[in-house]
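K.L.:
Predicted model and sequence follow; I will ask about them next.
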Amino acid sequence: MAKSYFNRYVWLIETIQQAGHISRADLSAKWEKSPLNETGEELYERTFHNHRQAILDIFGIEIKCDRSMGYYISNESDIGNPGVRQWLLESIQMNNLLNETADMRDRILFENVPSSYQWLTTLVAALRDRKCVQLTYQSFWKDEATTFVVHPYCLKLFKQRWYLLARSDGKRTPYLYGLDRISAVEVLSKAAKVPASFNAEEFFADHYGIIVGTENPLCTVELKVVADQVKYFDSLPLHWTQKKVEETPEYTVYSYHLVPSFDFRQEILGRGGAVEVLMPDWFRQEVKEEIAKMVKNYD
């Protein structure tokens, strides 16, 4: 049901955006003919206004009414802003497009994101409604699953896996739970308690990936990147703090201000000989030691 509502929300956004201004009667007429409306039901006024509020809450998109011209998106310039809301909007837009053009499914290929559809919409709804969630969860490091209640803080996508940042009852700090390790989810009526000061972007701002709270210090990291990889770094920066500090025909040096965590180290190792850590020296040595272990595996 939640996924069905998300499809409706995105359909409304797209239809109003394409029209510029549109009356509710015209919206209802278009909805009755839409392939997404399997029952051919009318878009009732109360339902429409409930959808408007949900669209504002979930996507931050505000639908207003001009008495002479109809409904329109008042903050259309915000729709293209990056972030999880934009990802969610684009994902459901693609899902709707595929539903309307079924013959294209074998010509559009996607990477698999474990459990993204099974639990994602339910958890987004819990975040929206600020409700606690009961999870049945099995860590990769434990033999059995456990069931417990958490207060959801935010969702984060990293390396084809969705993670829920949430605080368990009785714990002071939040923890990350991989959605692919969840076997059951139940949204509870209990209100979730999330600090008013919590900001998801700020929480992860000093890190690459999902690992936070490590013993490693916040510092400046410099990477030397060979020339044929520079455009890849420019088009998709590793971190929001990425800056060029030196450019030559053979290489470019980038600086980052972050905590060099396990995830960041693995990303660098995955680039092979195209990337060299210049500083700090302790992190350079850490990467060097890991490379030595890799070489030993092939002796």
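P.N.:
Perfect, I can see it now.

K.L.:
Val225 is in contact with Tyr251, isn't it?
P.N.:
Yes. Under the criterion of Cβ atoms under 8 Å, Val225 makes contact with Tyr251 at 6.2 Å. Every C-beta, even on glycine, is put in place using the N, C-alpha and C of the backbone.

K.L.:
My reading is that Tyr163 is in a strand; is that accurate?
P.N.:
Yes. Under DSSP: H, G, I helix; E, B strand; the rest coil, Tyr163 sits within a strand.

K.L.:
OK, contacts around it?
P.N.:
Leu155, Lys156, Leu157, Leu176, Tyr177, Gly178, Leu179, Ile210 (Cβ atoms under 8 Å, 6 or more residues apart in numbering).

K.L.:
at 6 Å what do you get?
P.N.:
Listed by Cβ atoms under 6 Å, 6 or more residues apart in numbering, the contact set of Tyr163 reads Lys156, Leu176, Gly178, Ile210.

K.L.:
Show me which of these are buried.
P.N.:
Neighbour counting with 16 or more other Cβ atoms under 10 Å marks Lys156, Gly178, Ile210 as buried within the contacts of Tyr163.

K.L.:
of those residues, closest to Thr136?
P.N.:
Each of the buried ones among the contacts of Tyr163 was scored against Thr136 by Cβ to Cβ, and Gly178 proved nearest at 13.2 Å.

K.L.:
Phi first, then psi, for Ile16.
P.N.:
phi -70, psi -40 (degrees, to the nearest 10).

K.L.:
let me redo that: Ile22
P.N.:
phi -150, psi 140.

K.L.:
mind checking how far it is from Tyr9?
P.N.:
Plainly put, Ile22 is 16 Å away from Tyr9 if you go by Cβ to Cβ, to the nearest Å.

K.L.:
what comes up buried for the lengthiest strand in the chain?
P.N.:
Determined from DSSP state E, the single longest strand within the chain is strand 146-158. Buried residues in strand 146-158, counted by 16+ other Cβ under 10 Å: Val149, Val150, His151, Pro152, Tyr153, Cys154, Leu155, Lys156, Leu157.

K.L.:
returning to what we had before: closest to Asp143 out of the buried ones among the contacts of Tyr163?
P.N.:
Checking the buried ones among the contacts of Tyr163 one by one against Asp143 (Cβ to Cβ), the nearest turns out to be Gly178, at 16.7 Å.

K.L.:
which residues touch that closest one?
P.N.:
Per Cβ under 6 Å, 6+ apart, neighbours of Gly178: Arg161, Tyr163.

K.L.:
With adjacent residues omitted, what lies nearest to Met69?
P.N.:
His21 (3.9 Å; Cβ to Cβ, 6 or more residues apart in numbering).

K.L.:
who's in contact with stretch 29-46?
P.N.:
Counting by Cβ under 6 Å, 6+ apart, Asn7, Trp11, Thr15, Leu27, Ser28, Glu100 sit against stretch 29-46.

K.L.:
shaky segments in the stretch 101-250 of the chain?
P.N.:
101-117 (pLDDT under 70).

K.L.:
which stretch of helix or strand covers Leu188?
P.N.:
strand 182-191 (DSSP states H and E).
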